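K.L.:
Would you be able to build a 3D model of this:
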Amino acid sequence: MEALGIDGKFLLGQIVNFSLLLIILRVFLYKPVVKMLEDRRKTIAESLDNAEQIKKNLDSSEQKTLEALDKAQKEARLILEEATKISIEQKNKIIADSQAQAERILDSSKAEAKKMKDDIVSDAKKELSELVMVALDKIVANEIDTETKNKLAKKSIENI
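P.N.:
Just a heads-up that it's a prediction; the model follows:
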């Protein structure tokens, strides 16, 4: 090999040096880089899995939110219907109470008017009775007794 210009010892030293360099690079550079790439691959895979899980959770949350919103709308509708029903019942009750009170006031007014009429008629009869008595006194003077005068006065008032 010397004829080719290759020094055997130098070649052997180069091979040993290259092998040592290869072993050192493999131990200190290749394995850490491969480990780092593997870790990176795992991290990316986990991130993708997490993203998929987050998407599923988001879809589930959106579905739950829509269901809750729908439920809330139904409850609001029921509450509104109930409130409307109660307000109609209250309105009808108020109207019935007002009508009953108006009837009581009307009955009371009629009773009071009848009483006033009866009082006026009674007063008028008393005054008329007194006038008839005075008139009888002046007309017949002392010709008839008091009992007969009273009977004639009553009869006159009844006729009126």
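
K.L.:
For the chain, just list every one of the helices.
P.N.:
Taking DSSP state H as the criterion, the chain carries its helices at 8-25, 31-140, 146-159.

K.L.:
quick one, which of these is packed in tightest?
P.N.:
The highest mean neighbour count among the helices of the chain, using mean count of other Cβ atoms under 10 Å, belongs to helix 146-159: a mean of 12. In short, each C-beta sits where N, CA and C put it, glycine included.

K.L.:
which strands and helices sit next to that one?
P.N.:
helix 31-140 (3 or more Cβ pairs under 8 Å, 6 or more residues apart in numbering; DSSP states H and E).

K.L.:
Please report the distance of Ala72 from Ala100.
P.N.:
When distance is defined by Cβ to Cβ, to the nearest Å, Ala72 is 41 Å away from Ala100.

K.L.:
quick revisit: now tabulate the helices of the chain in JSON lines and tack on mean pLDDT.
P.N.:
Listed next are these as JSON lines, based on pLDDT from 0 to 100:
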{"stretch": "helix 8-25", "mean pLDDT": "91"}
{"stretch": "helix 31-140", "mean pLDDT": "91"}
{"stretch": "helix 146-159", "mean pLDDT": "72"}
